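Chemist: I'll drop the sequence and a predicted model, then ask my questions.
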Amino acid sequence: MMDSLAFLAEQKIAQAMREKDFNSPKWKNKPLPLEDDRFVPDDLKMAYKILKNSGYLPPEIEERKEIQKLEDLIIKTEDEHERLKQMKKLNVLLMKVDANRSFSTNISNQQDYYRKVVEKITIHSKTAKKK
C-alpha cells in the first residue's frame with residue numbers, strides 16, 4: 001500500500017515540477033502559510049480541508065466572508081444613505097448568523113464594538129470627503 005502511495009506522490013510531484021515554477025520568489029525561503037482552523041473540531045478538520053481545496057466552503061465561512069465584504073463596503077462608501085443600507089444588510093446577516101449559533105454575536109449586544117464600528121465609519125467618511 002505504501003509503495004503505491006509513494007509512487008502516486010512521486011508522479012504528482014514530477015507533474016507539478018513540469019507545470020509550475022517551484023523557484024517562485026513568492027515562496028522561496030518562506031514557510032507556507034498556516035490555516036486558521038482552531039475553531040474547526042478535530043474530527044472535521046480533514047473534511048473541511050478537502051472541501052476547501054475542492055472550492056467548497058462551509059456556510060459559516062461564506063457568511064463570515066460576506067460580513068467582511070459588507071464591513072469593507074461600509075467603510076469605503078461615502079454616501080450616507082448607501083452606508084445605512086449596507087449597515088442594515090450587515091445587521092440582517094449578523095442576525096442570520098446568530099440564529100444558526102448557540103451563542104449570540106448580535107452587534108447590538110456588543111455596545112463597545114458597535115460604538116467603535118460607528119466611530120470608524122464616521123471618521124473615515126469625514127476624511128474621505130475632505131480629499
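Modeler: Nice, I can see it. Since the model is a prediction, treat every value here as computed from it, not as a measurement. Numbers count the residues shown, from 1 in each chain.
Chemist: pick out the residue nearest the middle of this structure.
Modeler: Nearest to the geometric centre of the chain sits Lys65, at 4.5 Å (C-alpha atoms, centre = their mean).
Chemist: helices of the chain, start to end?
Modeler: Along the chain, counting by DSSP state H, helices occupy 2-19, 45-53, 59-76, 80-99, 111-130.
Chemist: nearest to Pro31, out of these?
Modeler: Ranking these by their distance to Pro31 (criterion: C-beta to C-beta) puts helix 45-53 first, at 17.8 Å. Yep, even glycine has a C-beta here, placed from its N, CA and C like the rest.
Chemist: average model confidence for that closest one?
Modeler: The average pLDDT for helix 45-53 rounds to 84.
Chemist: got it, and stretch 18-37?
Modeler: pLDDT averaged over stretch 18-37 gives 73.
Chemist: same question for that stretch: list its buried residues.
Modeler: By neighbour count with 16 or more other C-beta atoms under 10 Å, stretch 18-37 contains no buried residues.
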